[in-house]
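Student: turn this into a model:
(2 chains)
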Protein chains: 2
Amino acid sequence: MTYCVGLKMDSGLIFMSDTRTNAGLDNISTFSKMRTWSTPGERAIVLLSAGNLATTQAVAGLIDERIRTPRAGRPSLMETSSMFQTAQLVGSIVKEVIHDTAPVGQSADAFGATFIMGGQIRGEGPRLFYIYPEGNFIESSPDTPFFQIGEHKYGKPILVRAYEPDMSEEDAIKLLLVSFDSTLKSNLSVGLPLDMQVYRADSLALVPGRRFERNDPYYTAISEGWGSALKAAFHSLPSLES
Amino acid sequence: MTYCVGLKMDSGLIFMSDTRTNAGLDNISTFSKMRTWSTPGERAIVLLSAGNLATTQAVAGLIDERIRTPRAGRPSLMETSSMFQTAQLVGSIVKEVIHDTAPVGQSADAFGATFIMGGQIRGEGPRLFYIYPEGNFIESSPDTPFFQIGEHKYGKPILVRAYEPDMSEEDAIKLLLVSFDSTLKSNLSVGLPLDMQVYRADSLALVPGRRFERNDPYYTAISEGWGSALKAAFHSLPSLES
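Tutor: Below you'll find the predicted structure:
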């Protein structure tokens, strides 16, 4: 499995993904599930993927192919004029890849993949989308400011509880690490290292991404600190008077 | 869906279950998923169920039928001489019910149900079992001191982090309520009221069960307190120095 989160706050967007892929429990590999494209001053786009690895790699590959080989009447990811158009473009590629792979008359479920795509194109604000295997998509809103794909249940309660739209970039990083740590502690199919990408609103450029490796001191501090902080929080609650 | 937990600590066992059943989002009902049997001084048994409601009711119904109509060579739930035998008995009834219901040659998945069964019979200590739809079962151990059935992912991280074998009964109640609250906040298919049953080791009797209704003051205190305590815990963590 996989766990990826894209979160929108007032100050921009933040993306995090694990890197574990598995075909059976004894065939585990590390693949990044995060891809970025940008033209500084003009656009910055981040794509997270979950699902069939051949499908997600084919989607990224086709996006790159079309950037390399532009064709009239078909804008590439670097030419779309809005994030909505970009989501349409990625959605149509997803649909095409899955349709081409699934044997005729058979279900395409095994080749399915879902995506989180976010970023900004000059002329509009930062936007965040969730793209389905069918190629259609939804956009985040103040009511639903984050999307999760993959093994999303373990890490959801803390996102629901601690998210604030005006949280700082540092707090958002902390929040995502706690959410990932809860998932890692509960599910073997999600694994370190973690990839992170911050997008600051209206910067139209990507700051360098960061990878949290197995012994990353900050990740370790969060993971251990969260264990103790959670226990302290738990013990601060009142007991039932019987 | 459903969410039920059975947890074993040094001082005994504790069971909690939600009461929501749904056939589609617009057909929601309240059914208790907890059943108890006891002969004070001799045995006390608690059964939690998740899955097809007709199956779980049929299992409980057959258990009761066999207690009412004893037959030689087939001990009822009130006559088994160990918890292992009791798990075998319940497992065989589960298997029988699912087998009788599923159309010939078709998968029995739709009629599936899983159970948590625990308690104590005089002559041995308290024991806790997880019974599969196939009728086989596993027993808890110091390494795996709790079982969850139904919508188990949201509420697992706090169980993993805060469980201690020597925790008090009050702390165990608190822990289960926090785990249920995390699940209720994230998943509509799990709903109040919650049923709780405590079994104190070697008491061989059940203390009165407790139901937490929608406006239960203690549940409300835990739910609201946990929100604030979690935020405080979160803010106590260090920020990433960039």
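Student: and the pLDDT at residue A:159?
Tutor: For residue A:159, the pLDDT comes out at 94.
Student: and it, how close does it get to residue A:69?
Tutor: Going from residue A:159 to residue A:69 by C-beta to C-beta, to the nearest Å gives 40 Å. (C-beta placed from N, C-alpha, C; glycine too.)
Student: more neighbours: which of these two?
Tutor: Taking residue A:159 and residue A:69 together and counting by other C-beta atoms under 10 Å in any protein chain shown, residue A:159 has the greater number of neighbours (20 against 8).
Student: pretty sure that one sits against residue A:146.
Tutor: Yes: between residue A:159 and residue A:146 there is a contact under C-beta atoms under 8 Å: 5.9 Å.
Student: anything in contact with each of the two?
Tutor: A:5, A:7 (C-beta atoms under 8 Å, 6 or more residues apart in numbering or on different chains).
Student: spell out which parts of chain A neighbour chain B.
Tutor: Residues of chain A lying near chain B by C-beta under 8 Å from any C-beta of the partner chain: A:153-154, A:156-158, A:160-162, A:170-171, A:173-175, A:178, A:182-183, A:185-186, A:218, A:221-222, A:225-227, A:229-242.
Student: buried ones among the residues you listed?
Tutor: Buried members of the residues of chain A next to chain B, counted by 16 or more other C-beta atoms under 10 Å in any protein chain shown: A:153-154, A:156-158, A:161-162, A:171, A:173-175, A:178, A:182-183, A:185-186, A:218, A:222, A:225-226, A:229-230, A:233-234, A:237, A:240.
Student: tell me if residue A:205 really is in a strand.
Tutor: No: assessed with DSSP: H, G, I helix; E, B strand; the rest coil, residue A:205 is coil; it does not lie in a strand.
Student: state the distance from it to residue A:15.
Tutor: From residue A:205 across to residue A:15, the span is 15 Å (C-beta to C-beta).
Student: compare the two (neighbour count), which wins?
Tutor: Neighbours around residue A:205 and residue A:15, counted as other C-beta under 10 Å, are more numerous at residue A:15. The numbers are 27 against 15.
Student: find the helix or strand that the more buried one is a member of.
Tutor: Element membership of residue A:15, judged by DSSP states H and E, is strand A:12-17.
Student: adjacent strands (with direction) for that strand?
Tutor: Here strand A:12-17 is paired, per DSSP bridges, with strand A:3-9 (antiparallel), strand A:194-200 (antiparallel).
Student: now the helices: where do they sit in chain A?
Tutor: Along chain A, counting by DSSP state H, helices occupy A:53-68, A:83-101, A:156-162, A:169-186, A:217-236.
Student: adding distance to residue B:85, write these out as TSV.
Tutor: Compiled in TSV, these are given as follows (distance: least, C-beta to C-beta, whole Å):
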stretch	distance to residue B:85
helix A:53-68	47
helix A:83-101	51
helix A:156-162	39
helix A:169-186	33
helix A:217-236	37
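Student: where does pLDDT dip in chain A?
Tutor: Along chain A, the parts satisfying pLDDT under 70 run over A:23, A:105-108, A:242.
Student: can you pull the contacts of residue A:95?
Tutor: Residues counted as contacts of residue A:95 (C-beta under 8 Å, 6+ apart) are A:133-135.
Student: repeat for residue A:39
Tutor: residue A:78.
Student: give the bridge partners for it, please.
Tutor: residue A:43.
Student: partners of residue A:5 in the sheet?
Tutor: Counting by DSSP bridges, residue A:5 is bridged to residue A:16, residue A:148.
Student: contacting residues for it?
Tutor: A:15-17, A:48, A:116, A:146-148, A:155, A:159, A:176, A:179-180.
Student: which one of those residues is nearest to residue A:80?
Tutor: The nearest member of those to residue A:80, counting by C-beta to C-beta, is residue A:116 at 17.2 Å.
Student: the closest one and residue A:7 touch, don't they?
Tutor: No: between residue A:116 and residue A:7 no contact is recorded; they are 9.6 Å apart, counting by C-beta under 8 Å.
Student: find residues that contact each of these two.
Tutor: What both residue A:116 and residue A:7 touch, as defined by C-beta under 8 Å, 6+ apart, is the set A:15, A:128.
Student: between these two, who's got more neighbours?
Tutor: Legend: neighbour count by other C-beta under 10 Å for residue A:116 and residue A:7, higher for residue A:116 (29 against 25).
Student: spit out the contact partners of residue A:79.
Tutor: Each residue near residue A:79 by C-beta under 8 Å, 6+ apart is listed here: residue A:70.
Student: from chain B, how far off is it?
Tutor: As for residue A:79, its distance to chain B is 33 Å (criterion: C-beta to the nearest C-beta, to the nearest Å).
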